[in-house]
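Participant: fold the following, please.
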Amino acid sequence: MGTGTFAVLAALRKKVNVIGIDQSEKMLAIAKQHINSAKVQELVQPMLLSVVELDTEFLDETFDKVIAILSLSEMYQNEQDFCYKSIHNGLKPE
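Facilitator: Predicted coordinates for the structure are as follows:
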């Protein structure tokens, strides 16, 4: 989720529901400010969540799209592998 910039843009331009995850409370606080300023609270849901919790927090085939911005590069290889598997499992078949 980071600062929420991309999530807010997606909500404003595409009118899509966005779930943004971040393990940093500080980043989520900034994101919530951006979400509130843009008045997209009903479309953007920030969540305090680590990548290792993806498979327990969401059911398989939940998401239409998954976007990871500046997150995978900060992970160890085994964390990246887990993240890719969780993303794959979380995506709808189409």
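Participant: double-check residue 19 against residue 47; I have them as touching.
Facilitator: Yes: judged on C-beta atoms under 8 Å, residue 19 makes contact with residue 47 at a distance of 6.3 Å. Bear in mind the C-beta positions are built from the backbone N, C-alpha and C, glycine included.
Participant: now residue 1. Nearest residue, chain neighbours left out?
Facilitator: residue 20 (3.2 Å; C-beta to C-beta, 6 or more residues apart in numbering).
Participant: scratch that, residue 35 is what I was asking about
Facilitator: residue 44 (4.9 Å).
Participant: helices of this structure, start to end?
Facilitator: 5-14, 25-38, 54-57, 77-90 (DSSP state H).
Participant: returning to that earlier point: beta-bridge partners for the residue nearest to residue 1, please?
Facilitator: Residue 20 forms beta bridges with residue 46, as assigned by DSSP bridges.
Participant: residue contacts, it?
Facilitator: 1, 4, 7, 31, 44-47 (C-beta atoms under 8 Å, 6 or more residues apart in numbering).
Participant: helices and strands of this protein: which one has the lowest mean pLDDT?
Facilitator: Scoring the helices and strands of the chain by mean pLDDT, DSSP states H and E places helix 54-57 at the bottom, with a mean of 86.
Participant: regarding stretch 55-66, how distant is the last residue from the first?
Facilitator: One end of stretch 55-66 sits 14 Å from the other (C-alpha to C-alpha, to the nearest Å).
Participant: neighbouring contacts of that stretch?
Facilitator: So stretch 55-66 is contacted by 19, 47, 49, 85-87, 89-93 (C-beta under 8 Å, 6+ apart).
Participant: pull out the buried residues from it.
Facilitator: Within stretch 55-66, the residues that count as buried by 16 or more other C-beta atoms under 10 Å are residue 58.
Participant: grab the most central residue of the protein for me.
Facilitator: Residue closest to the average C-alpha location in the chain (C-alpha atoms, centre = their mean): residue 20, at 3.0 Å.
Participant: relative to residue 93, how far out is it?
Facilitator: 23 Å (C-beta to C-beta, to the nearest Å).
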